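Undergrad: Starting from these lines, generate the structure:
(one chain, ligands or ions: 2)
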Amino acid sequence: MSDPASPSIAPLVVQGVTKRFHQGTATVEALHGVSLRVAPGEFVAVMGASGSGKSTLLHVMAGLTRTDAGTVAVEGQSLSELADGTLTDFRRRRIGLVFQQFNLIPALTALENVMLPLMAEGSRGSQEMRDRATKLLERLGLGQRIGHRPDAMSGGEQQRVAIARALVTDPAIVLADEPTGSLDSINGKAICTLLKELNDRDGRAIVVVTHEPAVAIWARRIVVMKDGAVCADFSAAEFPDAHALAGRYQDIVAGTAAEVAR
Ligand SMILES: Nc1ncnc2c1ncn2[C@@H]1O[C@H](COP(=O)(O)OP(=O)(O)O)[C@@H](O)[C@H]1O
Ligand SMILES: [Mg+2]
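TA: Ligands and ions are numbered 1, 2, ... in the order given. Just a heads-up that it's a prediction; the model follows:
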């Protein structure tokens, strides 16, 4: 079993993961032999062209998709060892998920959306849960929005509510798939700033999937995927700005850069 109290345990370890999709008689191998270890306090951007397997990897890391081969462990807990119901519960408590489309529940207020992961099926939630969710919304600058429903909030605000929902259980890892993909550049940058702050100040382990160098540059470490495999893995600190990173990324995707996997 996992031991959340152990500081040395990696929030996320992906080992040799292969994932195939079957469509009629055709088979697409979306991931082949992907390995990725995320250490405590790491902020990783997974980059890659459309179709390179980024979202599939994120789904596999979240246990939303079962693997055909290989293992995924969150805080030392192998996801494949968990039955569906247990896996759903584990995900709710230990994995924070953020998607491009926010995925908030339209009929619920910001506060109710953020409280959801704290509540067992069918429960109404305690005052302690309300307080916890309220504090988090206030910290993320949404103190004035706690009673608003998603349709009364801007896209940037909705994504901050989604991030609060992802954080409320104090998960082992936050996984975000193109979190700025539905936002304009100003709101997108605000979300990047927030993720960086959560990593810097709280040591929160984060994986962001993105095809945008302007988003990836906020991470500490950059992993590039190509055709379902990791083809590069380097520090973001090497790059003075997103433009410099974009140049390197283009070279990697075009296959002209010599990369050493670490
Ligand atoms: N549910 C699915 N059924 C069939 N093929 C899929 C499915 N999900 C992804 N794929 C295929 O797997 C490959 C990787 O897709 P994806 O992980 O979505 O890439 P990315 O997020 O990098 O754009 C693509 O060829 C895509 O068409
Ligand atoms: Mg995708």
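Undergrad: what about A219, which SS state?
TA: coil (DSSP: H, G, I helix; E, B strand; the rest coil).
Undergrad: ok, now which ones touch the nearest residue to M153 once chain neighbours are set aside?
TA: Residue nearest to M153 in three dimensions, not counting chain neighbours: R145, with 5.9 Å by C-beta to C-beta, 6 or more residues apart in numbering. C-beta coordinates here come from the backbone N, C-alpha and C atoms, glycine included. By C-beta atoms under 8 Å, 6 or more residues apart in numbering, the contact set of R145 is 110, 137, 153, 157, 161.
Undergrad: ok, R145 to L194 distance?
TA: 15 Å (C-beta to C-beta, to the nearest Å).
Undergrad: cool, and A219?
TA: Noted for A219: a distance of 13 Å to L194, by C-beta to C-beta.
Undergrad: Buried ones in whichever helix in the chain runs longest, by neighbour count?
TA: For the chain, the helix with the greatest residue count under DSSP state H is helix 185-202. Buried positions in helix 185-202, judged by neighbour count with 16 or more other C-beta atoms under 10 Å: 187-192, 194-196, 198-199.
Undergrad: The helix or strand that it is followed by pairs with which strands, parallel or anti?
TA: Later in the chain than helix 185-202, the nearest helix or strand by DSSP states H and E is strand 206-209. Using DSSP bridges, the strands paired with strand 206-209 are strand 43-48 (parallel), strand 173-177 (parallel).
Undergrad: hmm, stretch 31-42 touching ligand 1?
TA: No - if you take C-beta under 6 Å from any ligand atom as the test, stretch 31-42 misses ligand 1, and the best it gets is 7.8 Å.
Undergrad: Now that stretch: buried residues?
TA: Going by 16+ other C-beta under 10 Å, stretch 31-42 has these buried residues: 31-32, 34, 36, 38, 40, 42.
Undergrad: Where strands are concerned, which of the residues you listed count?
TA: Secondary structure assignment by DSSP state E places 31-32, 34, 36, 38 of the buried residues of stretch 31-42 in strands.
Undergrad: would JSON lines of those residues with distance to D89 be doable?
TA: Formatted as JSON lines, these follow (distance: C-beta to C-beta, whole Å):
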{"residue": "L31", "distance to D89": "25"}
{"residue": "H32", "distance to D89": "30"}
{"residue": "V34", "distance to D89": "26"}
{"residue": "L36", "distance to D89": "24"}
{"residue": "V38", "distance to D89": "22"}
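Undergrad: wait, which of the residues you listed is closest to ligand 1?
TA: L31 (7.8 Å; C-beta to the nearest ligand atom).
Undergrad: where does the closest one land on pLDDT?
TA: Predicted confidence (pLDDT) for L31: 98.
Undergrad: Against which helices or strands is the longest helix of the chain packed?
TA: Packing contacts for helix 185-202, counted by 3 or more C-beta pairs under 8 Å, 6 or more residues apart in numbering; DSSP states H and E, involve strand 43-48, helix 155-167, strand 173-177, strand 206-209, helix 213-216.
Undergrad: Give me the contact status of the first one with ligand 2.
TA: Looking back up the chat, that one is strand 43-48. No - applying C-beta under 5 Å from the ion, one finds strand 43-48 out of contact with ligand 2, separated by at least 8.7 Å.
Undergrad: Pull up the residues of the protein that are close to ligand 2.
TA: 54-55.
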